[in-house]
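Engineer: I would like the atomic coordinates for the input below:
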Amino acid sequence: MAMMIDKKPEYKGEGKVWESLSDNLPEETIVYNGREVNGREFDFCILMRNVGIIIIEVKGWMADSIFDVAGVDEIVIQGYDKPEKSPKKQARAYRFGLLNLINDKYNVSPLIFDMVCYPFISKKEYYDKRLDIVSEETLTIFREDLSDPIRLGDKLLNAYNQCKSIPHAEMDVDLMGKIRQHFEPHFQMKKPLVLSSQVPYSVVVANANKLSKKQIHDIVDGYIKGTKTIVFVSSEDMADSILYVLEEELNEKGILAEKNNLKLNKAANNEFVVKNNAFRIFNFELYVVEKLLNMLEESAIIYEGECSVEEKQLLENLSEQTTFNIQQYFIEHASPVKNILVRAGAGTGKTYSMVSRISFLCNKYENPTVNLIDDIAMVTFTNDAADNMKNRLKQMFIDYFVLTSNPKFLKYIEDTDFMRISTIHKFAREIIKEASMQMGLGDNFAITSGDYVKEQIYEKYLNNFIAKKEAENPNFINEIKLPLYQFRRMLVEFSNQLYNKSIDIKKIKEDELGQAPGLIPFFNEIIMEVIIAAEIEYEAKIQESNKIDLRETMIILNDVVSQKDKEKTHLDYKYTFIDEFQDTDDAQIDSFLRIQQLIGMNCNIFVVGDLKQSIYRFRGATISAFERLNATPDKWEEHTINTNYRTDSRLLEIMDEIFQGMGASAWLPYSFDADHLVSNLSGGAKEEELFECVPFHGRNDEQLEVLLGLLKREKAKILELEKTRKLSKEEKTIAILVRENWQIETILKGCKELDEEMEIETKVGGDLYQLDSTIDFCKLLIALTNPDDPVCLVNFIESNYVDMPILYQGLQNEDKCTQTKKLVEALDKYFMARMNKTWNGLVAYVQANPVLVVLKTIYETLQPWNKFSEDVDKQRFYKSNYELLIEKIIKSYSVDYLTLTVVANSIQINILTKQKELARTVTEDQTGIKFLCTTVHKAKGLEYGTVILPFTGQAIDNLKKANTDVNYSNSKLAYSIKVDDNKKDCNSNYDSQEEIGQRICEEARILYVALTRAIRNCIWMKDADKKSNMSWSKFLEV
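Structural biologist: Numbers count the residues shown, from 1 in each chain. The predicted structure is shown next:
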């Protein structure tokens, strides 16, 4: 007899099924009835060991009461007011509800299949009444099946055989017990539950002797099941034996290993070979160590990084003999109950460190993390970095699924899209949203950067201040040397600089201002009566509109988490990852630490960064970021990574001399032991080409000529190098890196004048709003917002979105209504053929759906780039800049409240006012070689085959560059401001010499970032006519 957990139902049909299941199923079978899953009650749920879970929907209909089966969801039953819906669909809904529940809770997917039972209908009646269109016979239990245990067993077995091909975890004793614990809270497992599908996350095998066939197959089998495998052997023959079994297994499973990813391919024909004593594919590393016999007597096996002192020493010895990265290994396997601090140099694989760490947390043998969405948060500092992190995580889980066929990885793949992986400001916005009601904001508040509104408020308070002062001194206006509009903008910039550093100027007190500048002695009054007063009103004004300012999100986040109310924020992360930690300001660091305190002991932080790459001082980042963590050994593990996977090892050695020089002068936080980068890469450059100083005579304005010559020379070198090796897109990029945007404009304009054929891609300035892609898009928007205006319709028809011949002859003599009617008729034909909609139908569709989604559909359907040009490169240019335009719209507005009118007005204004915005150039020619000119800040995190540094002689030890400089620390406001076109002055808290020293150090860090972008070679240009002052040139002259 089956174990019936719940009482017999009162309904006649369900009661009959209950009795049959109880009498006819084996005693180890567990049966539940009338339980809820996600708010819906199933009839029966059967747990069968080694089979799975069966959901049964019971319908107690009599055959003669079934009037008609008109369709799957149109079952007409005598005595029922409405036709009955499909019982099979009901059962399927319960099935998926239960599957999702088990998957979410236990990170495992057993086989669940659904059936329909008619306890009062025979098989013949089932066919006579055409119930076979509702559920197929194999998955339907009839009256005669319930009375015969053999027939019932066969029915369930046949249903199982039909469904067992679905990927699933085995329903063993342990899994069955875990599911019982869900339905039966008092059920006790006889032994601790370990899912049979769980395997160790990783294994290191070091064997100095010859491995047996069984040992080799065990290693490969473990890898196929999902265990990350690292093997050290003493001979290449032994390595070949392992690779032979590995490639055979993968070929048989139809898995192709390509670079570091796995792909399904029925015709997979892997051919693995050891190169340079090493072999790597996804999650499998193999190393040949000839001296292995001298390191250990027989063998060593290490699971999940748990090793003795002797085994740790063995791993260190092996890492010295091979390219095995022991630093990454110990970061990946670090304690899951400690905070982790990783100091990672340039090009050392920071993203890999975080992705592999998440892999460990999700797949470790004991207590793996099963809920990515609720348990893990990741904070990055750019949208591109967030997207890259998601893509890398998703690809990793795809590789796991391809390898193991374990359905839990499908869940991980799906969850990755919903993980909180975002920029720090988006992260802050989401937390603020959770607590928005308690803060007086609606849950649909918007983020704004209302500069125009703010300037208007500033203007009001400045005018009031001037009026007050003029009442005391009629000549007061003459004491403000700058034009008033310029002075007002300087005041706004003054406050914005503090907000960019997460400092709330509204909270600054008068006694923190120091003594005002001598040349503008009333400026402290302006701070109190104009700046702070205007900011208070601005905050109140935007809050009335249910908005908060983008620049204040970190300040508001700090306020939220400082309240120490966990219920308000709903935060419950177990692990928080923070990328580029050196770029955080003090307020952001404090927020993360308070979030951790708010969540409690179960929350651990993983931070990764490099102080040498701290180049966002203007945003409040300080060189003391790591110190602020107070990383004590009892709560933190500290790690360092210095193996570089980007740059030629010879070039790194040359750069190291520069870095050591800057470190010795205390310009760069550089210690040889911790910061010296090592690599085993060779980029293919000749020795004399690795690091080159190219002089030019600035007095003769020959810098751009020399630069142009260098670009052409380096392109020729790449073409020659490609004859002997395959180069990546990055290796074929020649990057000109500069400090300021005006330098980019100078280079682009100058090189174009010298050579019209020279195309250099850049990231600033430009004519985005004058391009055909933008003009066409604007015509579409205006037509959709003015669908009855014949002028707007003609403009749209003449755009690249509409590719049809139309005769306008005689239209000019018609009245407006007739013009509109004829134009709409033409558009009706055009859109019916392409989108199956009339023009007015399209307009209604746009108004009823998310605007960007609809515009994307129209764009992709009409393909305006095809009419624009037949040239493939020009089509790429058109598409690339359309995408850039959409990106700008998304960044500029709250997508939740974006309307067609808002987008149309914005684009139209930018076009009419000829706003300067960089167009995205497509500069790769048929060779794939690209020239790029960008700032070092925009190049951060990227890599290029060749890096060229012009303008290295620009002075970095003066304060002339910044018109406004504002800082706040230790309860003191320090500032320097522009008084007139030629003068600056500062308050008593501002230390000019300290500021100069800070700027020199920052420039040293910016140079470090610039140099470490190079893959193959680096060229710096020196003005031979300029004395070597404090500049990049001085740093580079070693």
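Engineer: contacts and neighbour counts: CA atoms only from here.
Structural biologist: Will do.
Engineer: my guess is N800 contacts I775. True?
Structural biologist: No - in this structure N800 lies outside contact range of I775 using CA atoms under 8 Å: 9.6 Å.
Engineer: of those two, which one has the most company?
Structural biologist: More neighbours surround N800 than the other of N800 and I775, with 23 against 19 (other CA atoms under 10 Å).
Engineer: list the contacts of that one.
Structural biologist: The contact partners of N800, by CA atoms under 8 Å, 6 or more residues apart in numbering, come to 776, 864-865, 867-868.
Engineer: chain neighbours aside, what residue packs nearest to it?
Structural biologist: Of all residues not flanking N800 in the chain, P864 sits nearest, at 4.8 Å (CA to CA, 6 or more residues apart in numbering).
Engineer: show me the contacts for that neighbour.
Structural biologist: With contact taken as CA under 8 Å, 6+ apart, P864 is in contact with 800-802.
Engineer: and the protein, what are its domain boundaries?
Structural biologist: When the chain is parsed into structural domains using the TED database, the resulting residue ranges are 3-183, 198-324, 327-427+580-643, 447-545, 687-765+924-1036, 768-913.
Engineer: out of those, which comes closest to E657?
Structural biologist: Nearest to E657 among the domains of the chain is domain 687-765+924-1036 (9.4 Å), distances taken as CA to CA.
Engineer: wait, which of the contacts of N800 is closest to D81?
Structural biologist: When those are compared for distance to D81 (CA to CA), P864 comes out closest, at 53.7 Å.
Engineer: gap between that closest one and N786?
Structural biologist: In this view, P864 and N786 are 20 Å apart by CA to CA, to the nearest Å.
Engineer: same thing with Q875?
Structural biologist: Computed as CA to CA, the Q875 to N786 distance reads 28 Å.
Engineer: who's more crowded, those two?
Structural biologist: Regarding Q875 and N786, a neighbour count based on other CA under 10 Å identifies Q875 as having more, with 19 against 15.
Engineer: which residue, neighbours along the chain excluded, lies closest to that one?
Structural biologist: By the measure of CA to CA, 6+ apart, the closest residue to Q875 outside its immediate chain neighbours is W865, 5.2 Å from it.
Engineer: same question for V72.
Structural biologist: Here the nearest residue to V72 in space, its sequence neighbours aside, is V134; by CA to CA, 6+ apart that works out to 5.0 Å.
Engineer: which parts of the helix or strand harbouring N524 are buried?
Structural biologist: Using DSSP states H and E, N524 sits in helix 523-526. The neighbour-count criterion (16 or more other CA atoms under 10 Å) identifies 523-524, 526 as the buried residues of helix 523-526.
Engineer: who's in contact with that helix?
Structural biologist: Residues from elsewhere that reach helix 523-526, judged by CA under 8 Å, 6+ apart: 462, 465, 510, 513, 515-517.
Engineer: strands of the stretch 51-200 of the chain, start to end?
Structural biologist: Under the criterion DSSP state E, counting those that start in this stretch, strands of the stretch 51-200 of the chain are mapped to 52-58, 66-71, 74-77, 112-117, 140-141.
Engineer: whichever strand or helix holds E252 packs against which elements?
Structural biologist: In the assignment (DSSP H and E), E252 maps to helix 236-253. On a contact count with 3 or more CA pairs under 8 Å, 6 or more residues apart in numbering; DSSP states H and E, helix 236-253 meets helix 213-224, strand 284-288.
Engineer: quick one: contacts of the helix or strand that comes right after the shortest one?
Structural biologist: I take that to be strand 284-288. Counting by DSSP H and E, the next helix or strand C-terminal to strand 284-288 is helix 292-295. Outside of helix 292-295, the residues that reach it under the criterion CA under 8 Å, 6+ apart are 207-209, 233-234, 314, 317.
Engineer: most neighbours out of these, which is it?
Structural biologist: Ranked by the number of neighbours (other CA under 10 Å), the contacts of helix 292-295 place V233 first, at 26 neighbours.
Engineer: next, give phi and psi for that residue.
Structural biologist: Reported as degrees, to the nearest 10, the phi and psi values for V233 are phi -130, psi 170.
Engineer: ok, it touching V289?
Structural biologist: Yes - distance between V233 and V289: 6.0 Å, which falls inside the contact criterion (CA under 8 Å).
Engineer: returning to what we had before: adding pLDDT and neighbour count, write the contacts of helix 523-526 out as CSV.
Structural biologist: As requested, these are exported to CSV (pLDDT from 0 to 100; neighbours: other CA atoms under 10 Å):
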residue, pLDDT, neighbour count
L462, 95, 21
F465, 96, 16
E510, 94, 12
L513, 96, 22
Q515, 96, 17
A516, 95, 18
P517, 94, 20
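Engineer: those in strands, which ones?
Structural biologist: Residues of the contacts of helix 523-526 located in strands (DSSP state E): none.
Engineer: can you give me the helices for the stretch 351-500 of the chain?
Structural biologist: 372-375, 383-404, 408-416, 424-434, 451-472, 484-500 (DSSP state H, counting those that start in this stretch).
Engineer: buried set for the last one?
Structural biologist: Pointing back at helix 484-500 there. Neighbour-count burial for helix 484-500, counted by 16+ other CA under 10 Å, picks out 487-488, 490-500.
Engineer: next, give me the two most distant ones among the residues you listed.
Structural biologist: Across those, the longest distance by CA to CA is 19.9 Å; it joins F487 and N500.
Engineer: ok, now which ones touch Y645?
Structural biologist: Contacts here follow CA under 8 Å, 6+ apart; on that basis Y645 touches 347-349, 679, 681.
Engineer: need the per-residue pLDDT for N367.
Structural biologist: The predicted local confidence for N367 comes out at a pLDDT of 86.
Engineer: repeat that for the one 4 residues further on.
Structural biologist: As summarised for this prediction, N371 has a pLDDT of 87.
Engineer: do the same with P26
Structural biologist: For P26, the model assigns a pLDDT of 82.
Engineer: burial check on the closest residue to G34 other than its chain neighbours, number of neighbours?
Structural biologist: Once flanking residues are discounted, G34 sits nearest to D43: 5.2 Å by CA to CA, 6+ apart. Burial of D43 is recorded as 20 neighbouring residues (other CA under 10 Å).
Engineer: so where's the stretch 101-250 of the chain uncertain?
Structural biologist: Flagging of the stretch 101-250 of the chain using pLDDT under 70 yields the residue ranges 189-197.
Engineer: ok, now the stretch 551-700 of the chain?
Structural biologist: Going by pLDDT under 70, which is the cut-off in play, the stretch 551-700 of the chain has low-confidence ranges at 564-570.
Engineer: mind running it again at 90?
Structural biologist: Within the stretch 551-700 of the chain, the set of residues satisfying pLDDT under 90 comprises 551-573, 580-603, 615-635, 671, 673-674, 698-700.
Engineer: now do the strands in the stretch 751-900 of the chain.
Structural biologist: 761-762.
Engineer: cool, the stretch 601-750 of the chain as well?
Structural biologist: For the stretch 601-750 of the chain, applying DSSP E, counting those that start in this stretch gives strands covering 604-609, 636-641, 691-696, 733-738.
Engineer: could you dump these into JSON lines with distance to P26 added?
Structural biologist: Shown next, in JSON lines, are those (distance: least, CA to CA, whole Å):
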{"stretch": "strand 604-609", "distance to P26": "47"}
{"stretch": "strand 636-641", "distance to P26": "53"}
{"stretch": "strand 691-696", "distance to P26": "78"}
{"stretch": "strand 733-738", "distance to P26": "69"}
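Engineer: if we can go back for a sec, next one, pLDDT for the residue nearest to N800 please.
Structural biologist: If you check P864, the pLDDT there is 93.
Engineer: returning to what we had before: mind putting the strands of the stretch 51-200 of the chain in TSV, distance to L719 and mean neighbour count included?
Structural biologist: TSV is the format used below for the strands of the stretch 51-200 of the chain (distance: least, CA to CA, whole Å; neighbours: other CA atoms under 10 Å):
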stretch	distance to L719	mean neighbour count
strand 52-58	60	24
strand 66-71	67	15
strand 74-77	69	19
strand 112-117	58	24
strand 140-141	68	25
